[in-house]
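Chemist: here are the coordinates; sequence isn't available:
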Ligand code: ADP
């Protein structure tokens, strides 16, 4: 195969540009020509200048842009066989019989149809003399790789789809902003979000935004008088001290008879029954807008690369596949299966079989719904008479990570709802040593879902010597049954030390679960830690701005990012910003690398390049510091370019947690709490660390940590994201000639 086409179709989604860029560059790198098909299927049907070769530099400077640079459209003609006949002829005329199609379920349904009809279309074109026998013989089949570009996340075949993370960013920015005005005036806001017949955006938006009620199509209110129930909860919430109330409604929300529940109806109910001042905000196309999040850029990049690999490896008559992600792994699903399973949800919905609809969305969707249902309560369920009320302590430790508050809120609310007594430990191990421990109730964590920093306080202090005696006394004094630690490596280290001290201090014989929270993403037993996504977005936003500042000058930026000895933030931010070089601690820096890199930069600038970007992890090399690299490049660059350094520093740790981190924090903490509860019940004192591994949540015995973790460099021995190094390297290459 020497030629492929790429198109974006249907509703646009942030990240489509990253996917197109990756498709174009990965293919060109393998000597495959790429044709852009402009304006989706309309361009395929129209042909002419709408299907043209696209080059390496044509996809430069689009990574950070929303929308799609090659245009998208809805095309009625393509729905007819005659339109698809024209499309087939236009592709054949250019010797294209492999296409990457980036779009929603409508676009991919069209793709499946085009694949199925292809042999018939070729035959018809041959018989009507529109193509030659040779051409027909050369292209008997059409190979298709699909990428789901949809903010709705409404399709089977990927945990998340291109654009949905960015849409959640827009939703959460809006709900965060609305809560402050709602609180000032004690108003209720009804926020309507997109998603067509899928409740993903509403559910995750409500979870991440700490909303007070949510309506989704897959799980309509189960009571006929749901209005009454909702008003009761709102009323109780006010009495409990809630000033701001936010109700999130999916645009496809319905009652259990399939009658739409509109935002205006909810407003009417709340106003007439409660006399509350209620306002509606329909977020609309804002959700499709703006710069794609770091996650969407990287997801789309990897899917684009996978699509090219798929087309190149496909058998001549291979059926279409869609590229997706499960956990952090790229997956491929037959397109017909993905479409059939997606249709099954729509059918279950239409038949009002909501149990089935919810189930088909997957177990984590249902689990998230159940968590949100508890979190929106005005107050927890009262403890069941006679139940064991466990005393569970929660603490943060390590450097601050955005999402720590979200996690503590989840622990306190879910724990108290189970009837347990939740204890908050202030200031990490210092608080545990000093006995700075207090009971936390439902409202004590109100508003914490969206707050950056760590309200309970956190630091990197690791206990030693006589501290263990003090810790044992605190645990005894507060009769702690189990401990939930939400933090970074120094927290984990502290737990390991507590375990070592068990023989001397039997009070340490309690189960402990460590929940990974560190912007460095360097923790054992977890592929992603809470806070890393926020830090990554902070870096990417800063680098976007830095790049913009240099439009007119010929300049190289050397940007230093955090991560300690873990290159995750550096590599992922390089991938998301299109940096040409990244230096990470895992690989170190050799003087020969620097010489080679400066030569490459000089070659680029001498051919008209205007901007260079190099990202350096803070611990990449002790001698070749950021300042050193800047000076070296400056000297060697001569008149070709100047060099500036930017050390991003603590802005990376700050800010409100990203939706991804809030969702991760909520899900991990819920699992950790259930696990801890069971351990306490079973008198199991194993200490574990929790993390997402290959798409599942896994508890790793802390005893195994020294085996899995580089105790000197403070990072896991095996890091999944190192596999992305090769993609990053190819995409950052200069244009081939
Ligand atoms: P999305 O891809 O975002 O779901 P649409 O449903 O509007 O958006 O589909 C985009 C385009 O894909 C349509 O305008 C049409 O050209 C094509 N398409 C959608 N459904 C079909 C179908 N059943 N058969 C053929 N083409 C289709």
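Modeler: Everything's here; your move. Just so it is clear, the model here is predicted, and its values are computed rather than measured.

Chemist: C-alpha from now on. contacts and neighbour counts both.
Modeler: Fine.

Chemist: for the stretch 451-600 of the chain, just list every one of the strands.
Modeler: 482-487, 512-516, 555-561, 581-583 (DSSP state E, counting those that start in this stretch).

Chemist: can you say which of these is packed in most?
Modeler: strand 512-516 (a mean of 30; mean count of other C-alpha atoms under 10 Å).

Chemist: what's in contact with that one?
Modeler: Residues from elsewhere that reach strand 512-516 (C-alpha atoms under 8 Å, 6 or more residues apart in numbering): 482-488, 492, 495, 523, 526, 528-530, 668-669, 672, 676, 685-691.

Chemist: quick one: mean pLDDT over it.
Modeler: Computed over strand 512-516, the mean pLDDT rounds to 98.

Chemist: and of the strands of the stretch 451-600 of the chain, who's closest to the ligand?
Modeler: Between the ligand and these, the shortest separation by C-alpha to the nearest ligand atom is 35.0 Å, and it involves strand 581-583.

Chemist: partner strands of that closest one and their direction?
Modeler: strand 611-617 (parallel) (DSSP bridges).

Chemist: what's the mean pLDDT across the very next helix or strand once past the partner strand?
Modeler: For strand 611-617, the following helix or strand on the C-terminal side (DSSP states H and E) is helix 626-637. Across helix 626-637, the average pLDDT comes to 97.

Chemist: just the buried positions in helix 626-637, please.
Modeler: Neighbour counts using 16 or more other C-alpha atoms under 10 Å place 626, 627, 629, 630, 631, 632, 633, 634, 636, 637 of helix 626-637 among the buried residues.

Chemist: which is the next helix or strand following that helix?
Modeler: In N-to-C order, the element after helix 626-637 by DSSP H and E is strand 642-647.

Chemist: which strands and helices lie in contact with that next one?
Modeler: strand 555-561, helix 626-637 (3 or more C-alpha pairs under 8 Å, 6 or more residues apart in numbering; DSSP states H and E).

Chemist: turn these into JSON lines, including distance to the ligand.
Modeler: Below are the helices and strands packed on strand 642-647 laid out as JSON lines (distance: least, C-alpha to the nearest ligand atom, whole Å):
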{"stretch": "strand 555-561", "distance to the ligand": "37"}
{"stretch": "helix 626-637", "distance to the ligand": "44"}
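
Chemist: adding distance to residue 244, write these out as TSV.
Modeler: Shown next, in TSV, are the helices and strands packed on strand 642-647 (distance: least, C-alpha to C-alpha, whole Å):
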stretch	distance to residue 244
strand 555-561	37
helix 626-637	46
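
Chemist: before we move on, the earlier item: now the strands of the stretch 451-600 of the chain in CSV, with distance to residue 27?
Modeler: CSV is the format used below for the strands of the stretch 451-600 of the chain (distance: least, C-alpha to C-alpha, whole Å):
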stretch, distance to residue 27
strand 482-487, 42
strand 512-516, 37
strand 555-561, 27
strand 581-583, 20
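
Chemist: domain parsing for this structure?
Modeler: 3-161+292-327, 164-287, 391-530+682-707, 532-655 (automatic domain parsing).

Chemist: how long is the longest one end to end?
Modeler: Distance between the two ends of domain 3-161+292-327: 32 Å, counting by C-alpha to C-alpha, to the nearest Å.

Chemist: with stretch 414-422 instead?
Modeler: Span of stretch 414-422 from end to end, C-alpha to C-alpha: 10 Å.

Chemist: quick check: next helix or strand after the helix or strand residue 268 falls within?
Modeler: Using DSSP H and E, the element containing residue 268 is helix 263-274. Per DSSP H and E, the first helix or strand lying C-terminal to helix 263-274 is strand 278-282.
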